[in-house]
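*Asks:* structure for the following, please:
(4 chains)
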2 protein chains.
Amino acid sequence: MRMNNSVTLRDIAKALNLSISTISKALNDSHEIGAETKQKVLDYAKKHHYSPNRMAKGLKEGKSRSIGVVVCSLDNNVIAQMLDGIHKASTEKSYQIIIMQSKESEKQESACIELLYAGGVDGILISPAYETINFSYLVSLQDAGLPIVLFDRLIDQINTHKVGADNFKGAYDATRHLIDNGYKNIAHLNTNTILSIATDRLNGYKQALADSGIKYRPELLRSCNYTDTNKLNEDLEQAIKYYMGLKDRPDAIFTATDQISTRCLMLLNKMGYKIPEDVALIGFTNTELADAMNPPLSTVHQPAFEIGQFAAEKLIAMIEGKRLDEGYETVMLPTNIKVRASSQSRI
Amino acid sequence: MRMNNSVTLRDIAKALNLSISTISKALNDSHEIGAETKQKVLDYAKKHHYSPNRMAKGLKEGKSRSIGVVVCSLDNNVIAQMLDGIHKASTEKSYQIIIMQSKESEKQESACIELLYAGGVDGILISPAYETINFSYLVSLQDAGLPIVLFDRLIDQINTHKVGADNFKGAYDATRHLIDNGYKNIAHLNTNTILSIATDRLNGYKQALADSGIKYRPELLRSCNYTDTNKLNEDLEQAIKYYMGLKDRPDAIFTATDQISTRCLMLLNKMGYKIPEDVALIGFTNTELADAMNPPLSTVHQPAFEIGQFAAEKLIAMIEGKRLDEGYETVMLPTNIKVRASSQSRI
DNA sequence: CTGTTAGCGCTTTCAG
DNA sequence: CTGAAAGCGCTAACAG
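*Replies:* Below you'll find the predicted structure:
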């Protein structure tokens, strides 16, 4: 049973009265084939839309020219942009990508990885779920020789190439920006995960406070559950109520993730707080709709496309055996602050 | 060269002192294998994490258990939701999906399709680019036996299963909603494409006007270029300026696509028009951020996830030979209107 | 320079 | 009930 109805090497061989291997070599531009034969083969192949069978080639070569990508979700602007970057880098090197979603669940993430591995991918790009604590399965695959690159959400538990945003700097800049605009009591809303993405951002926030001589107040840090949207909303609502009920209540909030940033804005509006008069807001997110919001939302923008692209390039380099460099590298691409009305200066 | 380090049938055969074909049959639960042998094989396979090699299986069976998906872009909330649905349906039937982006370019779209076909996909799910006029390549592949299902953006030029939103009804409802809320001069902003998605929405708009005894004014229809974001923004800005400069200027705008809806809101804000006092707004889009906007944007919501899911199920049914039903089917899933402040009643 | 052959891992007759 | 063998389309060693 032939795939599609496509022409095979055999068809060309028969038509041209040559052997299969001659055709194969001609198409692979082998030096041991004569110029005119080569031309004849190439012409025939082009004319009849020959394209090599991925399966056969993959089987023979022991690789599939496909890479697995594991993300928490497709329906998220930052991730869509990263996937776009991954997609670009991959197709450039003619790799296919197989995308899987963990939905922030450790269990589902393992299932994705297993499926990808079983499916014979040549390597895996992964941005771990918030929930994941145990990375031993991933490590075992790595030990078994599977190239793995981490992107966006990085972890220390696994030693490989990593590509993410400079979260410390992004958080530092955002906090600093609030301080420079006259805000003093700055709350930080983040997520309860062991991923460095959370601690890096928290540390950036703390450092900015310290550098400005503002004491860090632990009661201004709230960590929300991220696995379930409903739970997240609940946690956020509670956090905001808690903040606004404090004696010395915050005059600004710095939010750590896309979801938290936008939902926080909605909730503040819903509860009737004026932004930035009652409380200012700046947060991580890449949505183009920040300008359309009420009020326009100040954001920390991540180079999502570039993160994806760079991570994919790294992985492909690993797959293709360029494991030459002794050590693994962690790359942090710069974020940048986009100031809008939600963090307007009160000075 | 073996894929990964995975165990093969041969490994199991050697270990158990059986033949390869016995193992194969045992794993496929063939009736011609004894119960205890079967058990022994299954146990060993499980213990050693055996999983069949996709490439080999695909080569043998002449199919790849993968489906190609062509969309205009990844970075779009409606599409992300559709992909999510496609993904769910596909993984349930253990098909992999290969996603390609046309970026609204006819040329790039052809390239995507060619790549997918060459890559040996078992079928193609496609939502055509706005720009595409010539569908002959797709038709020729279909004639060659490749199953194709259209989703989201449907066209008449190709005869197959199609799954989309009920765009006529969505547009009708949106326009009717504006009329019911006291708006009389309703403009319609859409795109210049031959895709039925545009004409259906236009017709729904016209029908709602007719049913309410309002005369259709052609000067209130503007069609924007959609291929290039910059061009779109320009066209939109011009259209709005044009509308607002009219003697009998519109008191409401109904926008036909995700991009147009959100950008239109931004532009109106930027130009200083009050929504809905100066001009009301309702438009197609699925963004969760409608509530966060200034003002909260009334939307026509498409069942994007379901469209993707249903389309994928149809395609897989076709692939698996259930082409039994004589005719092809076009399914229109219902949209629903989400009323927010941007189209508040002026009565 | 061109052809023959073996084999990647799997399914599937066909024999035993 | 189990095994041997062919072949899916391709590459690569080895002959000629």
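*Asks:* residues contacting the residue positioned nearest the centre of chain A?
*Replies:* Central residue of chain A (Cα atoms, centre = their mean): residue A:152, 4.4 Å from the mean position. By Cβ atoms under 8 Å, 6 or more residues apart in numbering or on different chains, residue A:152 lies in contact with A:71, A:78-79, A:82, A:127, A:163-165, A:197, A:304, A:307. Quick note: C-beta positions are derived from backbone N, CA and C, even for glycine.
*Asks:* who touches residue A:314 in this structure?
*Replies:* Contacts of residue A:314 (Cβ under 8 Å, 6+ apart): A:149, A:161, A:163, A:329.
*Asks:* count of residues packed around the residue lying closest to the last one once chain neighbours are set aside?
*Replies:* Meaning residue A:329. Spatially, and ignoring its direct neighbours in sequence, residue A:329 is nearest to residue A:161 (5.6 Å; Cβ to Cβ, 6 or more residues apart in numbering or on different chains). Using other Cβ atoms under 10 Å in any protein chain shown, the number of residues around residue A:161 comes to 22.
*Asks:* quick one, grab the pLDDT at residue A:161.
*Replies:* Note for residue A:161: predicted pLDDT of 95.
*Asks:* and the one 4 residues further on, by the same measure?
*Replies:* For residue A:165, the pLDDT comes out at 97.
*Asks:* excluding sequence neighbours, find me the nearest residue to it.
*Replies:* Per Cβ to Cβ, 6+ apart, closest to residue A:165 is residue A:302, 4.3 Å.
*Asks:* what of residue A:25?
*Replies:* residue A:33 (5.0 Å).
*Asks:* around DNA strand C, which positions in chain A sit nearby?
*Replies:* Chain A comes close to DNA strand C at residues A:17-22, A:25, A:32-35, A:37-38, A:56, A:59-60, A:62, as judged by Cβ under 7 Å from any atom of the strand.
*Asks:* which members of the residues you listed are positioned in helices?
*Replies:* Among the residues of chain A next to DNA strand C, the residues falling in helices (DSSP state H) are A:20-22, A:25, A:35, A:37-38, A:56, A:59-60.
*Asks:* could I get those as TSV with pLDDT and neighbour count?
*Replies:* Below are these laid out as TSV (pLDDT from 0 to 100; neighbours: other Cβ atoms under 10 Å in any protein chain shown):
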residue	pLDDT	neighbour count
A:20	86	14
A:21	84	12
A:22	88	20
A:25	85	17
A:35	82	7
A:37	85	15
A:38	85	17
A:56	87	17
A:59	85	21
A:60	85	12
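*Asks:* so, low pLDDT: which residues of the stretch 1-150 of chain A?
*Replies:* A:1-5 (pLDDT under 70).
*Asks:* what parts of it come near DNA strand D?
*Replies:* By the rule Cβ under 7 Å from any atom of the strand, the part of the stretch 1-150 of chain A lying against DNA strand D is A:1-3, A:8-10, A:20-21, A:24-25, A:27-28, A:52-53, A:56-57, A:59-61.
*Asks:* correct me if wrong: the residue nearest to residue A:165 contacts residue A:77.
*Replies:* No - applying Cβ atoms under 8 Å, one finds residue A:302 not in contact with residue A:77, separated by 10.4 Å.
*Asks:* who touches both of the two?
*Replies:* What both residue A:302 and residue A:77 touch, as defined by Cβ under 8 Å, 6+ apart, is the set residue A:286.
*Asks:* which one of these two is surrounded by more residues?
*Replies:* When residue A:302 and residue A:77 are compared for neighbours, residue A:302 comes out ahead with 25 against 21, by other Cβ under 10 Å.
*Asks:* quick one, what contacts that one?
*Replies:* A:78, A:165, A:170, A:284, A:286, A:333, A:335.
*Asks:* let's go with 10 Å and repeat that
*Replies:* A:78, A:81-82, A:152, A:164-167, A:170, A:258, A:284-286, A:333-336 (Cβ atoms under 10 Å, 6 or more residues apart in numbering or on different chains).
*Asks:* now do residue A:58
*Replies:* Residues in contact with residue A:58 (Cβ under 10 Å, 6+ apart) are A:52, A:64-66, A:120, A:122, B:3, B:53-56, B:58-59, B:64, B:120.
*Asks:* just the ones in helices from those, please.
*Replies:* B:54-56, B:58-59.
*Asks:* out of the residues you listed, which one sits closest to residue A:246?
*Replies:* Ranked by distance to residue A:246 (Cβ to Cβ), the ones in helices among the contacts of residue A:58 are led by residue B:54 at 56.6 Å.
*Asks:* can you give me the neighbour number for that closest one?
*Replies:* Neighbours of residue B:54 (other Cβ under 10 Å): 22.
*Asks:* go on, residue A:127?
*Replies:* 24.
*Asks:* related to what we said a few turns ago, tell me how far the residue nearest to residue A:165 lies from residue A:171.
*Replies:* According to Cβ to Cβ, to the nearest Å, residue A:302 and residue A:171 sit 12 Å apart.
*Asks:* and if you look at residue A:163?
*Replies:* Relative to residue A:171, residue A:163 is positioned 18 Å away (Cβ to Cβ).
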